[in-house]
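[1] predicted structure and sequence below. I'll ask about it afterward.
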Amino acid sequence: MAKERIAHPALGNREADVMGVLWTLGSGTVTEVRDELPVPLAYTTVLTILRNLEQKGVVARAEDGRAHRYTPRLAEQAARREAVGRLVDTLFKGSPEELLVHLVQDKVLSTKDLKRIRRALRFQQGETPKRSR
């Protein structure tokens, strides 16, 4: 039985980039966010993205001198949960197992990744985690 998810607004790629910066910084002005982005974007583009995120309710804006400071209202974990859920629903027919099988078959996961997954599964089942070597 799948967990019921609380729907959050979908984030586009650039919105996710901006949110990633805000989650890392805790908050930021347009200039601070722009300076930390992995791709160069115009000031006005970053401002537009932040305004869109504010309209969606995922960031809050407060005056900070002559600038505005933006703070995430959406937790990173909640955004991940929603994005992965959407991916599973859309591309893997609602089956998280199919996603995992895909990652294993495409050799996306390293041996280290698989060991970490095994530990997480054992922990979820109530076993005492063993120390990794």
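    The structure has been received and is ready for your questions. Residues are numbered from 1 along each chain as shown.
[2] going forward, measure contacts and count neighbours with C-alpha atoms only.
    Fine.
[3] how is this structure partitioned into domains?
    For the chain, the structural domains run 13-72, 96-133, going by automatic domain parsing.
[4] quick one: list the elements packing against the helix or strand containing D35.
    Assigned by DSSP states H and E, D35 belongs to helix 30-36. On a contact count with 3 or more C-alpha pairs under 8 Å, 6 or more residues apart in numbering; DSSP states H and E, helix 30-36 meets helix 13-25, helix 43-56, strand 67-72.
[5] which one of the domains of the chain is the most hemmed in?
    Among these, domain 13-72 has the highest mean neighbour count (mean count of other C-alpha atoms under 10 Å), at a mean of 16.
[6] show me what the helix holding D35 is in contact with.
    By C-alpha atoms under 8 Å, 6 or more residues apart in numbering, the residues outside helix 30-36 that reach it are 18, 21-22, 40-43, 46-47, 50, 68-70.
[7] may I have that helix exported as PDB, CA atoms only?
    What follows is helix 30-36, C-alpha atoms only, in PDB (Å, rounded to 0.1, in the frame of the first residue of the first chain):
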ATOM      1  CA  VAL A  30      18.500  37.600  -5.600                       C
ATOM      2  CA  THR A  31      22.200  38.400  -5.900                       C
ATOM      3  CA  GLU A  32      23.300  35.800  -3.300                       C
ATOM      4  CA  VAL A  33      21.200  33.100  -5.000                       C
ATOM      5  CA  ARG A  34      22.400  34.000  -8.500                       C
ATOM      6  CA  ASP A  35      26.100  33.900  -7.400                       C
ATOM      7  CA  GLU A  36      25.600  30.300  -6.100                       C
END
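[8] give me the distance from that helix to the chain's centre.
    For helix 30-36, the distance from its own C-alpha centre to the chain's C-alpha centre is 19 Å (C-alpha atoms, centre = their mean, to the nearest Å).
[9] so that it lines up with my notes, have the first residue be 44 from now on.
    Sounds good: first residue 44 from here, last item helix 73-79.
[10] any idea of the angle the strand or helix carrying A103 forms with helix 56-68?
    Assigned by DSSP H and E, A103 belongs to strand 102-107. Here strand 102-107 runs at an angle of 60 degrees relative to helix 56-68 (axes from the mean of the first three to the mean of the last three C-alpha atoms, to 10 degrees).
[11] no further questions, thank you.
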